[in-house]
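J.: Structure of the sequence below:
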Amino acid sequence: MVTTLTAERLAELQDEGAEFALVDTRPEESFEAWHVQGARNFPFGPEEEFEENGQLEELRELVGDTERIVTICAKGLSSGNLATQLESATDEFEVRAVEGGMKGWSGVYAHVEIDLGEGVTAVQVQRRAKGCLGYVVGGETGEAVVVDPTEDLEEFETAATEHDLTIQGVIDTHVHADHLSGSRQLADELDVPYYLGEWATERDVEFEYTPLARNEVLEVGDLEVKALYTPGHTSEMITPLVDDRALLTADTLHVDSTGRTELEFSEDEGEEGARMLYESLHRTILAEPEGLVVLPGHVEVTSEGEFGHGSPGEPIATTVRDARTGIDLLALEEDAFVERMADAGEEPANFEEIIELNRGAREEPPEDRVELELGPNNCSA
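T.: Sure, this is the predicted structure:
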């Protein structure tokens, strides 16, 4: 039987700089769209027989001098088969297969503490494969709020526990389009309020939530969280301002770009949203003090599996000043900005279905929620 390793262990091996060849057995199209950093493509079916002569030599050329091979695929089927076939054909390699494949990889997280100064604890919960960034933020009293959690609730509960924080509320900055939100479930599980911006009524959200009005201040122990209204990516978007130290900008502003605008505002190719976003950026976000920390809701994960900015396990953050001076989009006049936003690139996979689920418009969830989310987030313009 083939020896397996977890996706978390694969991440550890990468971070340690271990020497091995990661072989991805998915079809070329799937591989090119999204794969783990450093992977090499060797398409192989779940029931395919290993042709020892031709395929073995091809694999030898692919992996080079390494003696350790780790195989991965979508769910662990074809990669497990390749590992089995390879072990039967030769004993020259130490072979391992990743449990759960890319589905398992999609659930790998890192908890990164963000320095916001004395009296505030902020943990950035990074979903490595998709670049989703959620937050646990608390004050000296130990009371905390969670912002934009994914469905892997234990990651956020663990982050709170590790920092002696007690979760008192859960906030969704908007109705997400690239991943399934865990906010309602976490709030229900802990019996704490679930918050959305009050403009979510315009999105036909079909479940109960506590609305946050423009500039409303939510008191979390000794911590103040102010709801800035920043529409554009979506019409109901809010940006929590934490104790005048950090802006949790979600998909309004990323470290190197802005959020896209046509996922909700599709009828005019995002023009309405783009004009909203331009105003939100220049009259609200960039009007804040220049030293204020900006903590986004996503970081780009390239098709090569790398973070577009920074590295997993390191803080993904910028400041108002650095965003203003370093992001070309923010230097454009409004009409040029709107024109640029009309060409945001490939949309997130299954985004319409994900929005319906996050609005509560579908009672029955899909059988495979993880597969629904597979792929990069594609939320940047």
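J.: Stretch 28-45: end-to-end distance?
T.: With Cα to Cα, to the nearest Å as the measure, stretch 28-45 spans 12 Å from end to end.
J.: can you tell me the average pLDDT over it?
T.: Mean pLDDT, stretch 28-45: 93.
J.: ok, for residue 116, nearest residue in space, not its chain neighbours?
T.: residue 245 (4.6 Å; Cβ to Cβ, 6 or more residues apart in numbering). Where you see a C-beta, it was placed from the backbone N, CA and C, and this is true even at glycine.
J.: That neighbour: neighbour count?
T.: 19 (other Cβ atoms under 10 Å).
J.: Next one: it from residue 44, what distance?
T.: In this view, residue 245 and residue 44 are 50 Å apart by Cβ to Cβ, to the nearest Å.
J.: what does residue 327 give?
T.: 42 Å.
J.: Tell me where the stretch 201-350 of the chain has helices.
T.: 271-279, 320-326, 334-341 (DSSP state H, counting those that start in this stretch).
J.: Output these in CSV; the columns should cover distance to residue 256, mean pLDDT and mean neighbour count.
T.: Below are the helices of the stretch 201-350 of the chain laid out as CSV (distance: least, Cβ to Cβ, whole Å; pLDDT from 0 to 100; neighbours: other Cβ atoms under 10 Å):
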stretch, distance to residue 256, mean pLDDT, mean neighbour count
helix 271-279, 16, 94, 22
helix 320-326, 7, 96, 16
helix 334-341, 14, 93, 16
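J.: Redo those as JSON lines? Include distance to residue 372.
T.: Formatted as JSON lines, those follow (distance: least, Cβ to Cβ, whole Å):
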{"stretch": "helix 271-279", "distance to residue 372": "24"}
{"stretch": "helix 320-326", "distance to residue 372": "32"}
{"stretch": "helix 334-341", "distance to residue 372": "26"}
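J.: Show me the one of the ones you listed that comes nearest residue 109.
T.: Closest to residue 109 of these is helix 320-326 (Cβ to Cβ; 25.3 Å).
J.: per-residue confidence for the residue nearest to residue 285 when sequence neighbours are not counted?
T.: Spatial nearest neighbour of residue 285, excluding adjacent residues (Cβ to Cβ, 6+ apart): residue 253 at 5.6 Å. With respect to pLDDT, residue 253 scores 97.
J.: List the beta-bridge partners for residue 253.
T.: residue 258 (DSSP bridges).
J.: got the contact list for it?
T.: Applying Cβ atoms under 8 Å, 6 or more residues apart in numbering, we find residue 253 in contact with 247, 259, 281, 285, 294, 296, 323, 327.
J.: one more time with 7 Å
T.: 281, 285, 294, 296, 323 (Cβ atoms under 7 Å, 6 or more residues apart in numbering).
J.: now residue 137
T.: So residue 137 contacts 122, 144, 145, 147, 223, 242 (Cβ under 7 Å, 6+ apart).
J.: so what's the closest residue to residue 334 other than its chain neighbours up against?
T.: Distances taken as Cβ to Cβ, 6+ apart put residue 278 closest to residue 334, at 5.0 Å, once the chain neighbours are dropped. Shown in contact with residue 278 (Cβ under 7 Å, 6+ apart): 334, 337, 338.
J.: distance of the nearest residue to the last one once chain neighbours are set aside from residue 144?
T.: Just to be clear, that refers to residue 338. Leaving aside its sequence neighbours, residue 338 sits nearest to residue 274 (Cβ to Cβ, 6+ apart; 4.3 Å). Taking Cβ to Cβ as the measure, residue 274 falls 34 Å from residue 144.
J.: With residue 351 instead?
T.: From residue 351 to residue 144 the distance is 30 Å (Cβ to Cβ).
J.: Settle it for me: which of these two has more neighbours?
T.: Higher neighbour count among residue 351 and residue 144: residue 144, with 27 against 18, using other Cβ under 10 Å.
J.: Please tell me how far residue 271 sits from residue 231.
T.: 14 Å.
J.: make that residue 12, sorry
T.: 41 Å.
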